[in-house]
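S.K.: what follows is a protein structure lacking sequence information:
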């Protein structure tokens, strides 16, 4: 079976991480899989090395200075549409709105649902939900949202977790200990958020909550890791910076962290903060659980479904501050629950479930209709 997985970027965003891990797991069980992506900003490859069993097809996509979000998305769709040939594959599987709009007839994974106000982006989002001939979600809660909004019933296939990579980073081996201590030497004791600074990640709420926490522990640091997304959040970042100055806080903003260094960064934190206001699964938080770190997440049905009792939840800024403080006290039972949850979610299981889905939804049968 020849499978094309399509993603919009080579950068370390959640959907891209999902795509690469799924591709490698599919290849390990014998699937002929190719990952297609736009190579943004002159990238010559993905943010990390890929198993050579996975084929890569990158479409050059140069940055245009001053280009607004809407033209950039339209150009992204046009570039992928012009460069991709679906006739080479038995399955065409799009991982986001851009690739789904570019390739037309496809399977689509809907990781989460966005809300746009720009007419073109609203239309792009709508088509990427409605037009695919089959759909997958990574949680039942998102599948329920799709059913409520469009009457479609996606299959649910949870993400996998690279458990060993993050568990090993938390181990007592000399190498792992040195790597964690290197981060702590640079950052001190820190609360960590991964995913960049943007509205969906609840970054300003975390800033507000941390200000309360910092009053009790002036030496504690707040750290943000993660690259920028496709969308333009300059106004939100300006609000973030303004509020940071008002609160007298100087968080460390690392930007994109090298993939090899990320597990130690996660394993070295005191608490992993996950105050997103919208998620489809929460892979970064699941990786923190694999590393044995306490996690405080937003009180959302999706996150309750995925994480159960393995994390603490907060609905408001005050609750977030309180739960971050409480999470710093060791809770071995919750830690063990989190580790076992993360261990139970494998990419091999996800790949086998996808392969079963592909066999039940072949592209040829759709094209023959």
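M.R.: Looks like it arrived, so ask away. Values in this document were obtained by computation on a predicted structure and should not be read as measured data.
S.K.: how far off centre is the one helix or strand residue 272 maps to?
M.R.: Per DSSP states H and E: residue 272 is located in strand 271-274. Its chain's C-alpha centre and that of strand 271-274 lie 15 Å apart, by Cα atoms, centre = their mean, to the nearest Å.
S.K.: contact partners of it?
M.R.: With contact meaning Cβ atoms under 8 Å, 6 or more residues apart in numbering, strand 271-274 is reached by 191-194, 206, 209, 266, 282, 284-285, 288, 293-298, 303, 311, 320, 324, 327-328. For glycine as for every other residue, the C-beta is placed from the backbone atoms N, C-alpha and C.
S.K.: need the phi and psi values for residue 58.
M.R.: Note on residue 58: backbone dihedrals following degrees, to the nearest 10 are phi -110, psi 130.
S.K.: how many other residues sit next to it?
M.R.: Residues lying near residue 58 (other Cβ atoms under 10 Å) number 17.
S.K.: OK, contacts around it?
M.R.: 10, 36-39, 43-45.
S.K.: and which of those residues is nearest to residue 60?
M.R.: Lowest distance from residue 60 to these (Cβ to Cβ) belongs to residue 39, with 5.4 Å.
S.K.: dig out what residue 35 forms beta bridges with.
M.R.: For residue 35, the beta-bridge partners are residue 5, residue 56 (DSSP bridges).
S.K.: for residue 257, see how far away it is.
M.R.: Distance of residue 35 to residue 257, computed by Cβ to Cβ, to the nearest Å: 22 Å.
S.K.: more crowded one of those two?
M.R.: Comparing residue 35 with residue 257 by other Cβ under 10 Å, the one with more neighbours is residue 35, at 25 against 20.
S.K.: so the more buried one touches residue 59, yeah?
M.R.: No. Applying Cβ atoms under 8 Å as the test, residue 35 and residue 59 come out as separate, 11.6 Å apart.
S.K.: tell me the mean pLDDT over the helix or strand harbouring residue 148?
M.R.: Using DSSP H and E, residue 148 maps to helix 140-150. Per-region confidence: helix 140-150 scores 96 on mean pLDDT.
S.K.: what's the answer for stretch 344-353, then?
M.R.: In this model, stretch 344-353 has a mean pLDDT of 98.
S.K.: tell me the spacing between the closest residue to residue 183 other than its chain neighbours and residue 224.
M.R.: Excluding its sequence neighbours, the residue lying closest to residue 183 (Cβ to Cβ, 6 or more residues apart in numbering) is residue 268, at 4.3 Å. Counting by Cβ to Cβ, the separation of residue 268 from residue 224 is 15 Å.
S.K.: who has more neighbours, the two?
M.R.: Taking other Cβ under 10 Å, residue 268 and residue 224 do not tie; residue 268 has more neighbours (26 against 22).
S.K.: contacts only, for the more buried one.
M.R.: Contacts of residue 268 (Cβ under 8 Å, 6+ apart): 179-181, 183-184, 187, 190.
S.K.: any idea which of those residues is closest to residue 276?
M.R.: residue 190 (18.9 Å).
S.K.: which residues does that closest one bridge with?
M.R.: residue 221.
S.K.: check contacts around residue 131.
M.R.: Contacts here follow Cβ under 8 Å, 6+ apart; on that basis residue 131 touches 100-101, 104-105.
S.K.: pull the most distant pair out of those.
M.R.: 101 and 105 (11.8 Å).
S.K.: between those two, who's got more neighbours?
M.R.: residue 101 (25 against 12).
S.K.: figure out how far the helix or strand that comes right after the helix holding residue 148 is from the centre of its chain.
M.R.: Per DSSP H and E, the first helix or strand lying C-terminal to helix 140-150 is strand 155-156. Relative to the chain's own centre, strand 155-156 is displaced by 18 Å; criterion: Cα atoms, centre = their mean.
S.K.: still on that earlier bit, partner strands of the strand holding residue 272, parallel or antiparallel?
M.R.: strand 190-194 (parallel), strand 295-298 (parallel).
S.K.: per-residue pLDDT of residue 231, please?
M.R.: At residue 231, pLDDT is 62.
S.K.: give me the next element, helix or strand, following the strand holding residue 272.
M.R.: Next element after strand 271-274 (DSSP H and E): helix 283-290.
S.K.: can you tell me how far the residue lying closest to residue 297 once chain neighbours are set aside sits from residue 22?
M.R.: Nearest residue to residue 297, sequence neighbours excluded (Cβ to Cβ, 6+ apart): residue 274, at 4.3 Å. Using Cβ to Cβ, residue 274 is found at 22 Å from residue 22.
S.K.: hey, where'd the strands end up in the protein?
M.R.: 2-7, 32-40, 55-61, 91-94, 107-110, 134-137, 155-156, 190-194, 221-225, 252-255, 271-274, 295-298, 312-314 (DSSP state E).
S.K.: how far off centre is the longest one?
M.R.: On the basis of Cα atoms, centre = their mean, strand 32-40 sits 17 Å off its chain's mean C-alpha point.
S.K.: which strands or helices does it pack on?
M.R.: Contact here means 3 or more Cβ pairs under 8 Å, 6 or more residues apart in numbering; DSSP states H and E; on that basis strand 32-40 packs against strand 2-7, helix 14-28, strand 55-61, helix 69-83.
S.K.: can you list the residues that contact the shortest one?
M.R.: Contact partners of strand 2-7, identified using Cβ under 8 Å, 6+ apart, comprise 15-16, 19, 22-23, 26, 31-37, 80, 84, 86, 88-96, 99, 102-103, 106, 358.
S.K.: and the pLDDT for residue 40?
M.R.: 82.
S.K.: and for it, the neighbour number?
M.R.: 19.
S.K.: separation between it and residue 78?
M.R.: From residue 40 to residue 78 the distance is 14 Å (Cβ to Cβ).
S.K.: same deal with residue 86?
M.R.: 16 Å.
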